[in-house]
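> Provide a 3D model corresponding to the input given below.
(2 chains)
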Protein chains: 2
Amino acid sequence: MQAAIDEAIAGRDEGGVPIGAVLVHNGEILGRGHNRRVQSGSAIRHGETDALERAGRQSAAVYRESVMYTTLSPCSMCTGAILLYGIPMVVVGENQTFLGEEELLAERGVDVVLMNDQRCIDLMAAFINAHPDVWNEDIGEDSA
Amino acid sequence: MQAAIDEAIAGRDEGGVPIGAVLVHNGEILGRGHNRRVQSGSAIRHGETDALERAGRQSAAVYRESVMYTTLSPCSMCTGAILLYGIPMVVVGENQTFLGEEELLAERGVDVVLMNDQRCIDLMAAFINAHPDVWNEDIGEDSA
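Okay, here's the model as predicted:
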């Protein structure tokens, strides 16, 4: 989780949404990423999808032995990516600032481990407070 | 749908998985894309996500008035992206070579329109027959 938090901090320091993720296979990091909406104008590079993209092409067998660490509860898109590739476990930094599709993941047999890490909460709370418009855009919500 | 099929054909002609998609807002194409697993070594650029990426950052209000046209039934990841952004309608070229998450889309209130277009079926059937390993990788399945 520290590597995912490091990614989130890197994203924040680039002026972006501070969410990071790391895909780990047998204790080795295959890919690490962070949200790139602000930095790259990206609609699909969330923490988890960026980590998957940076991990490159992998076989189903590898994904099925991997764990996704993410600083924030996964949104619908990232949940779908986890389901597509049959990643069996997701470790979630926190779900207090945003509750994603943890229920759908669990229904489909994915093991969801919630850490409630205060560092993850603080990163998101500060960003949402400073840039509510960007955050709403990132999760497909209208701005207040 | 013709624009989505054109994208699928462009992907095929690049040696890639022949799936294309187009995001349309009020009759205007915001983004068009195709699967880029082979061309870019991408794990997250499917037809629909590539179209979303190429459409760039859009507000929730725009997505909510948009339609996603895709040549193939959307996988879990692309379904999740459609749900994230609240796209209310998906027009699907075919679901005979692969049945995605149409049921989940419908459960969440998305209008799914199935065309059963023979051109879409033929494109996928030819690719799956020629490159079953790449196709299995694209949908997170073991190779036969």
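> give the contact list for the residue of chain A at minimum distance from chain B.
Each residue of chain A has a distance to chain B, by CB to the nearest CB, and the smallest belongs to A:Gly80, at 2.5 Å. Every residue, glycine included, has its C-beta placed from N, CA and C. With contact taken as CB atoms under 8 Å, 6 or more residues apart in numbering or on different chains, A:Gly80 is in contact with B:Cys75, B:Ser76, B:Met77, B:Cys78, B:Thr79, B:Gly80, B:Ala81, B:Leu83, B:Glu101.
> which residue sits closest to A:Met68, ignoring its sequence neighbours?
In space, not counting the residues next to it along the chain, A:Met68 is nearest to A:Val90; the distance is 4.8 Å by CB to CB, 6 or more residues apart in numbering or on different chains.
> Does that neighbour lie in a helix or a strand, and which?
Assessed by DSSP states H and E, A:Val90 sits inside strand A:89-92.
> Could you tell me the per-residue confidence at A:Ala144?
The per-residue pLDDT reported for A:Ala144 equals 62.
> re the thing from before, how close does the residue nearest to A:Met68 sit to A:Ala81?
Distance, A:Val90 to A:Ala81, by CB to CB, to the nearest Å: 11 Å.
> okay, those two: which has more neighbours?
Under the neighbour definition other CB atoms under 10 Å in any protein chain shown, A:Val90 and A:Ala81 were set side by side, and A:Ala81 has more, 31 against 25.
> Quick check: phi and psi at that one.
Taking degrees, to the nearest 10, you get phi -70, psi -40 for the backbone angles of A:Ala81.
> coming back round to it: quick one: what helix or strand has the residue of chain A closest to chain B in it?
Secondary structure here is read from DSSP H and E; on that basis A:Gly80 sits in helix A:76-84.
> ok, back up a step: kindly provide the whole-number mean pLDDT of the helix or strand just after the strand holding A:Val90.
On the C-terminal side of strand A:89-92, the closest following helix or strand by DSSP H and E is helix A:102-107. Averaged across helix A:102-107, the pLDDT comes to 98.
> what's helix A:102-107 packed up against?
When contacts are defined as 3 or more CB pairs under 8 Å, 6 or more residues apart in numbering or on different chains; DSSP states H and E, helix A:102-107 packs onto helix A:76-84, strand A:111-114.
> Point out the most buried one among those.
With neighbours defined as mean count of other CB atoms under 10 Å in any protein chain shown, those peak in mean count at helix A:76-84, which reaches a mean of 28.
> tell me the mean pLDDT for it?
For helix A:76-84, the mean pLDDT works out to 98.
> And for stretch A:112-126?
For stretch A:112-126, the per-residue pLDDT values average out at 98.
> measure that stretch end to end?
25 Å (CA to CA, to the nearest Å).
> Does chain B have contacts with that stretch?
No - judged by CB under 8 Å from any CB of the partner chain, stretch A:112-126 makes no contact with chain B; its nearest approach is 15.3 Å.
> For that stretch, buried residues please.
Going by neighbour count (16 or more other CB atoms under 10 Å in any protein chain shown), the buried part of stretch A:112-126 is A:Val112, A:Asp117, A:Cys120, A:Ile121, A:Leu123, A:Met124.
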